[in-house]
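Chemist: Give me the fold of what follows.
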Amino acid sequence: MLKNPMNTVKIAAFFLSCALLYAIHLANPTFFPELWQVLKSGDLLATADYIRSFGSWAMFFSFWLVLFVNAIGFPPAIIFSTANTLIFGIVPGIILSVIAETVGVTISFLLLRFLFRSSAEQLIAKHPRLKKVDAYSGKNGFTVMLIARMVPYIPSALLNALGALSAISLRDYIIASFVGKFPSTAIEAIIGHDTVLKNPDPTRLVLVSLAAVILIAGAWYYEKRMEKKADAMQKILDKHTKIRKPAE
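Modeler: From the prediction side, this is the model:
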């Protein structure tokens, strides 16, 4: 019998995930083999054709596929973001991919934090240097995650794990991931799209770069505004504490 109730919950979550995958297999035994063959081929046009084969459900299927891939961190999401631009067009394909990727990395963040953050906290408590790093991630995690997400081709699984084990808040993680993924996903998808169709257009990359600068500026403004609010709240709390002490 397990003494820690959280261990029971974690084991139950694992078996539920396995049950879900098995249910998908029972519903469509050819789904995973077909998907594996498409991914193994590395053919972006074949991937696009496979998603397109779902007809009116193609966008819905692609959304959940991109979500799932980002949740587990494998295979690289660029395969599907590029396929989405080939199927739905560059702008709709990028928007679809970014939203699905953000939901996927958020699910991964929640699962990894639920499973491993408590263990990480126990380890951090024993090492002063790790405490400083953890405190830094809590205060500046938004900026760090934003910049990391904006860099194309960084493995999503790595950032998911680092975010979950750090002290960054869920809100900051979601916003940083969502904003940061726009330029990185757009750059990856546009390069993949133009490479497959052999139709390079530097104008699109320039526009994406300008959009990235605007997003960075907006995110920086958001971060500074949140810091001012936090400082103002702390001053109010400190003032309230000083007023109460003489009375006590």
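Chemist: from here on, contacts and neighbour counts on C-alpha atoms
Modeler: Fine.
Chemist: Name the residue closest to the centre of the protein, please.
Modeler: Centroid-nearest residue in the chain, with Cα atoms, centre = their mean: residue 105, separated by 2.9 Å.
Chemist: wouldn't that residue be in contact with residue 66 here?
Modeler: No: assessed by Cα atoms under 8 Å, residue 105 is found out of contact with residue 66, at 10.1 Å.
Chemist: Could I get the buried residue list for the helix or strand containing residue 60?
Modeler: If you go by DSSP states H and E, residue 60 is part of helix 58-72. Neighbour-count burial for helix 58-72 flags 58-59, 62-71 (criterion: 16 or more other Cα atoms under 10 Å).
Chemist: Could you do stretch 201-211 as well?
Modeler: 205, 208-209.
Chemist: Show the model's pLDDT score for the nearest residue to residue 75 once chain neighbours are set aside.
Modeler: Nearest residue to residue 75, sequence neighbours excluded (Cα to Cα, 6 or more residues apart in numbering): residue 69, at 6.3 Å. Reading off the confidence values, residue 69 has pLDDT 82.
Chemist: so whichever strand or helix holds the residue nearest to the centre of the chain versus helix 58-72, what angle?
Modeler: Element membership for residue 105 (DSSP H and E) is helix 90-125. Orientation of helix 90-125 against helix 58-72 (axes from the mean of the first three to the mean of the last three Cα atoms, to 10 degrees) gives an angle of 20 degrees.
Chemist: packing partners for helix 90-125?
Modeler: Using 3 or more Cα pairs under 8 Å, 6 or more residues apart in numbering; DSSP states H and E as the contact criterion, the elements in contact with helix 90-125 are helix 58-72, helix 78-88, helix 128-150, helix 156-165, helix 170-197.
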